[in-house]
Structure formats: C-alpha cells, structure tokens
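Student: Okay, predicted coordinates and the sequence, questions at the end:
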Amino acid sequence: MAVPAAASVRNADRYRPPAIAGLSDVLDRHVRDRPHAGALVVTGDRVPLSYRALSTLVDDVAARLGRTGLDRGDAVGLICANTAEFVVALLGAARAGLVVAPMDPALPASQLSARLEALGAQAVLAGPPAAGAGSAEPVRVPVWPLRVEVSRAGTAAALLDTGARTVRRVRGAAHELRAHDALVLFTPGTTDRAKMVPLTHTNVAASVRSICATYELGPGDATVAVMPFFHGHGLFAALLATLASGGCVLLPERGRFSTRTFWADLRAATATWFTAVPAVHEILLDSSAIEFPGPRVPPLRFVRSSSAPLNTATQRALERTLGAPLLSAYGMTEATHQATSEPLHQRGPLKQGSVGGPTGVELRVVDARGRTCPGGVEGEVWVQGLTVTRGYLADPAETARSFTDGWFRTGDLGTLDEDGHLHLRGRIKNLIDRGGEKVSPEHVEDILAGCPGVAEAAVFPVPDAAYAQLVGAAVVVHEGEGVGAEEILQYCRDRLTAFEVPDRIEVVAALPHTAQGALDRRAVEARYAQ
C-alpha cells in the first residue's frame with residue numbers, strides 16, 4: 001500500500017508554510033517584516049534576542065568566515081551545546097556558503113576527531129565548553145572558538161577567534177559534497193557505525209516547510225529547546241521550523257534540558273508547544289507529581305513526541321497532566337527528520353498506536369521482494385520525496401543497500417491502515433529469533449510499559465543453544481511500587497502470544513540511553529544478555 005505526500009493542513013487559504021530556499025535564508029522574512037520580534041531567549045537570565053539582533057550576529061560571523069581562506073562548499077564542524085553560539089555559528093556558516101556538520105559535544109575527543117577527519121572538515125567552530133564535553137584539540141584542523149555576549153538589555157556581540165589558519169588539503173568525504181549541500185549529519189551510533197548524511201538546502205527547506213505546515217507554526221508560537229541541535233529532531237523540529245515560521249525558541253541555561261528549570265522555561269517563553277523523545281516525556285511525567293506548577297504553565301496547543309516509540313499509557317497520562325494533545329511523529333536523519341505525524345486535532349483523527357500519515361513524502365510498505373503490501377500487512381517502510389537524502393558519504397555499499405530508485409529503505413517494520421496512517425512494529429535488525437518465531441522487542445516493550453508500576457522496559461535477545469535466542473527484559477519500576485518480576489510476567493502472559501513472553505525479567509534501577517534520548521540497545525544487550 002502506497003500513500004502519497006499529503007499536507008496536514010487541508011485548507012490552503014488558512015495557512016501558508018514559510019517560503020524559504022534553504023538554511024541561509026531562514027531569518028530573512030522576519031528580519032524585514034518583524035525585526036524587533038523575539039527570535040531566541042538566551043542565557044540563565046532568559047534575555048530575549050530579536051530577529052534583527054540575531055541576524056546581525058549571523059552576518060558578522062559570516063563575514064569573518066569569509067576572510068579565513070575557506071572556499072564556498074568547504075565543510076566545517078560545529079561542536080556546541082544548545083546555546084546562542086550554536087545558532088549563530090550554524091546560520092553564519094550557511095550564509096558564508098559552507099557545509100556545516102554539527103556534532104555531539106559530549107563525544108570523547110577520539111570520536112570527535114575520527115568523525116571530523118572522516119568528513120574532511122577544514123575547520124571546527126566551537127562554542128563554550130560544557131560539562132562532560134569532549135575536546136576537538138587533537139584534530140589536525142583549526143579550532144575556532146565562538147562566543148556570543150548578550151547583555152541584559154538585549155544587546156549582543158559575536159566574538160570569533162580565527163587565528164589558527166586553515167591547512168588546505170583534500171581528504172575524507174568532503175570531495176563528495178555538492179554545490180547545493182547545506183549540512184552533514186551523523187546518524188546515531190558509535191563512530192564505527194555512524195554514517196554521514198549529506199542534506200541539501202532543498203532538503204532543509206522541504207523539511208522545515210512540512211513541519212511548519214503539519215503543526216501550523218507561526219509568529220504566535222514559542223517553544224523550549226529540549227532536544228540537542230546536533231541531531232535532526234532538535235535541529236529541524238524545534239530550532240529551524242520555529243525560526244522560519246517567526247516564532248521564538250528558548251535555549252535553556254547551559255544549553256541542556258533540565259527538569260529543574262523546564263517548567264519555569266515554559267512560562268518564560270510563553271511556550272505553545274514543545275517536542276521531545278519518549279524518555280524525556282517519561283521524566284516529565286514522573287517529576288510532574290512534585291514539580292508541575294499547574295495553571296502557571298502556559299496553555300499548550302500540542303506536545304510532540306518523536307525519535308522512539310511512545311507507549312500509549314505515557315501519552316494519555318501526559319495529555320491529562322498538560323491538558324494538550326500529544327502527537328507522535330516518525331522520522332529519520334536520511335529524510336531530514338520528519339516523515340509522518342499525527343495531525344492537529346482539528347485536522348484529522350488521532351489513532352492509538354499510530355504515528356500518523358505522511359508529511360511531505362511518499363510512503364510505501366513493501367515485502368521482502370520489494371512488492372507493495374496490502375493495507376494491514378506488515379512490511380518494511382520505504383519513503384521518497386524532497387526531504388530524502390541522495391545517499392551516504394564515503395559508503396557506496398551502504399548507499400546501495402539502503403536506497404532503491406530514489407526510495408529510502410528505512411529498516412523499520414510497519415503497516416498502513418485504511419486511512420494511510422502508519423503503525424510501526426519495530427526495527428528489522430532488532431527482531432529476536434526465538435526458535436524460528438520472530439519477536440519484535442519494541443512490541444514487547446510497549447506491552448511491558450503498560451504494566452502498572454513499570455516506568456520503562458528494554459527487551460533484548462539472550463543467546464540459547466536450543467532456541468538460538470530467548471527473550472530477555474530489563475524493567476525499571478516506579479519508586480515505591482512493589483511490583484515484581486512474576487507479576488510483570490503474568491501481565492505479559494495475558495497480553496502476548498506465548499513465544500513473545502519474556503523468558504527472563506530483571507528489575508533494574510535504570511536503563512542506558514543515547515545522547516538523543518533513545519534506548520541504547522547495544523549497551524542494554526551488553527549489560528544484561530549474558
């Protein structure tokens with residue numbers, strides 16, 4: 001079953017998504033039409049920064065970069081938390097015609113160096129160091145520190161130290177970049193598994209327009225940056241879509257999400273929405289019993305969840321707490337983040353367990369032979385459209401495996417219902433082979449998460465001589481709950497087929513997560529599968 005691209009907004013006269021051409025003109029319309037409107041709220045003092053002030057900083061950095069000897073199309077790394085420095089560096093480099101590769105500042109120096117050298121970056125733009133952050137100093141390219149100084153009155157200056165000169169040499173994957181490229185993002189994973197995804201200005205513009213159209217984002221909207229900007233979730237959904245639509249983004253103190261400041265940040269920004277991974281939603285739900293300020297939280301239009309499956313129990317509980325619909329979205333780096341989303345409640349039905357319909361892409365579910373599956377039949381999810389990358393840099397074999405005639409083969413299992421809504425079943429590579437029966441860890445985790453007293457669960461394969469693999473589960477229970485392994489198993493027996501019921505359950509204090517907030521399955525398996 002194939003589903004064509006479809007906008008969430010059906011009445012074209014009611015809403016127009018921003019008309020941007022790429023990363024370099026995200027601010028332009030609002031600098032002309034609304035120069036004094038707030039673009040960012042920054043620093044621990046929560047100082048507003050207008051579109052005019054932000055654009056001036058961006059222009060200053062672009063001009064400075066233009067005098068460094070870098071050529072248009074050169075790649076530069078960006079190592080920074082969610083601070084004003086990240087925004088200014090990103091947009092300034094784009095205006096200078098450079099290709100920007102944002103990287104996780106918490107990675108060890110060895111991994112940062114490996115990624116920068118694999119790409120062939122000519123320089124690194126580095127924001128203020130954060131606690132626990134790695135260092136780019138071992139890299140054999142110049143590291144240019146950037147500081148943005150903002151007064152309480154809202155005046156700002158950008159200080160970029162480009163004293164270290166570039167060393168011109170061709171290496172890494174940079175020679176594969178093209179004239180219209182804007183970004184290179186690394187897929188989640190360790191250095192030896194992460195892939196480099198080139199994204200063009202057309203990819204960026206299509207993604208931003210689609211996100212804005214799905215949620216009807218405009219100048220009246222504001223959000224708090226919860227997700228890191230080095231990953232597509234935070235970069236496209238929270239930062240660029242908000243700026244392109246004329247809204248305002250609050251950057252938390254020290255550039256990192258914290259439950260300690262989150263509710264106050266929502267009030268300070270007069271936020272109308274925010275987006276996060278399920279793990280963050282779980283944290284907010286758990287902390288709301290003590291920290292939730294009730295009516296002092298501004299009324300939210302919606303809340304968004306993406307980057308991992310969200311269990312229904314958490315979704316409904318958070319909706320009751322916040323008084324707003326929680327919309328699930330589905331995306332991937334290769335599609336410039338969002339591919340599907342549940343619609344705003346006035347634009348269509350919300351379906352339990354669904355991640356909505358396509359937003360700006362075409363979507364198919366296909367069988368092992370590449371044939372389109374009928375509605376309701378499980379297969380691999382394929383996507384195609386203006387947001388989809390052309391392939392991976394310096395990895396022709398993986399490009400050939402993952403891309404077919406313009407379609408990206410996501411590696412995700414799913415079904416399409418009669419309305420074209422996608423229901424995900426898990427990752428193909430995660431399937432557990434229990435004596436010939438295929439078990440989806442994500443499906444079992446969703447059932448476990450619905451068990452009273454269970455806060456989070458991870459399901460993984462356990463090697464077994466007789467069955468090849470058994471089903472193991474590590475479960476975190478809410479503090480003060482007396483639920484034990486046998487009660488959890490009985491809950492599963494009542495809701496799963498016999499071969500899906502975990503053979504072993506271990507109650508643990510916490511589960512490991514990636515920097516993006518998703519469950520770290522490799523770490524879980526290494527820790528609990530022995």
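Tutor: Looks like it came in fine.
Student: Could you tell me which residues make contact with the closest residue to Pro463 other than its chain neighbours?
Tutor: Excluding the flanking residues, the one nearest Pro463 by Cβ to Cβ, 6 or more residues apart in numbering is Gln469, at 6.5 Å. C-beta coordinates here come from the backbone N, C-alpha and C atoms, glycine included. Residues near Gln469 by Cβ atoms under 8 Å, 6 or more residues apart in numbering: Ile432, Asp433, Arg434, Pro461, Val462, Pro463.
Student: What about the residues you listed, which one has the most neighbours?
Tutor: Greatest neighbour count in the contacts of Gln469, by other Cβ atoms under 10 Å, goes to Ile432: 23 neighbours.
Student: Tell me the confidence at the spatially closest residue to Gln516 that is not a sequence neighbour?
Tutor: Spatial nearest neighbour of Gln516, chain neighbours left out: His231 (4.9 Å); criterion: Cβ to Cβ, 6+ apart. For His231, the model assigns a pLDDT of 95.
Student: ok, now Ala194?
Tutor: 88.
Student: One more: the one 4 residues further on?
Tutor: What the model reports for Pro198 is a pLDDT of 98.
Student: my read: it touches Leu183, true?
Tutor: Yes: with contacts counted by Cβ atoms under 8 Å, Pro198 reaches Leu183, the gap being 7.5 Å.
Student: so how far is Arg369 from the residue nearest to Pro463?
Tutor: Gln469 sits 26 Å away from Arg369, taking Cβ to Cβ, to the nearest Å as the criterion.
Student: Ok, Ile20 next?
Tutor: In terms of Cβ to Cβ, Ile20 sits 40 Å off from Arg369.
Student: do the same with Pro461
Tutor: In terms of Cβ to Cβ, Pro461 sits 26 Å off from Arg369.
Student: which one of the contacts of Gln469 sits closest to Thr514?
Tutor: Checking the contacts of Gln469 against Thr514 by Cβ to Cβ gives Pro461 as the nearest, at 19.2 Å.
Student: And for this structure, the residue most distant from the center?
Tutor: Ala466 (39.6 Å; Cα atoms, centre = their mean).
Student: Look at it and tell me its secondary structure.
Tutor: coil (DSSP: H, G, I helix; E, B strand; the rest coil).
Student: List the contacts of it.
Tutor: Gly435.
Student: Just to be sure, Leu327 is in a strand?
Tutor: Yes: with three-state DSSP as the criterion, Leu327 is part of a strand.
Student: mind checking how far the most centrally placed residue in the chain is from Ser151?
Tutor: Nearest to the mean C-alpha position of the chain, by Cα atoms, centre = their mean, lies His233 at 2.1 Å. According to Cβ to Cβ, His233 stands 32 Å off from Ser151.
Student: pLDDT below threshold where in this protein?
Tutor: The model of the chain has pLDDT under 70 over residues 1-13, 130-139, 166-170, 189-192.
Student: Can you show me the helices along it?
Tutor: 28-33, 51-66, 84-95, 109-119, 201-215, 232, 241-244, 259-269, 278-291, 312-322, 396-402, 441-449, 485-493, 521-528 (DSSP state H).
Student: To Gly163, which of the ones you listed lies closest?
Tutor: helix 51-66 (11.5 Å).
Student: re earlier: Ile20 and Arg369: which has the busier surroundings?
Tutor: Ile20 (23 against 6).
Student: what sits against that one?
Tutor: Per Cβ under 8 Å, 6+ apart, neighbours of Ile20: Val26, Asp28, Arg29, Ala205, Val208, Arg209, Ala244.
Student: contacting residues around the first one?
Tutor: By that I understand Val26. So Val26 contacts Ile20, Leu91, Val208, Leu240, Leu243, Ala244 (Cβ under 8 Å, 6+ apart).
Student: Mind doing that once more with 7 Å?
Tutor: Val26 makes contact with Ile20, Leu91, Leu240, Leu243, Ala244, according to Cβ atoms under 7 Å, 6 or more residues apart in numbering.
Student: Pull up the gap between the closest residue to the third one other than its chain neighbours and Thr387, please.
Tutor: Leaving aside its sequence neighbours, Leu240 sits nearest to Val208 (Cβ to Cβ, 6+ apart; 5.1 Å). The span separating Val208 from Thr387 equals 10 Å under the rule Cβ to Cβ.
Student: Next: His175.
Tutor: Taken as Cβ to Cβ, the span from His175 to Thr387 is 25 Å.
Student: Of these two, give the one with the bigger neighbour count.
Tutor: Higher neighbour count among His175 and Thr387: Thr387, with 32 against 10, using other Cβ under 10 Å.
Student: Report how many residues lie close to the nearest residue to that one once chain neighbours are set aside.
Tutor: Using Cβ to Cβ, 6+ apart and skipping residues adjacent in sequence, the residue nearest Thr387 is Thr336, 4.1 Å away. Residues near Thr336, counting by other Cβ under 10 Å, number 34.
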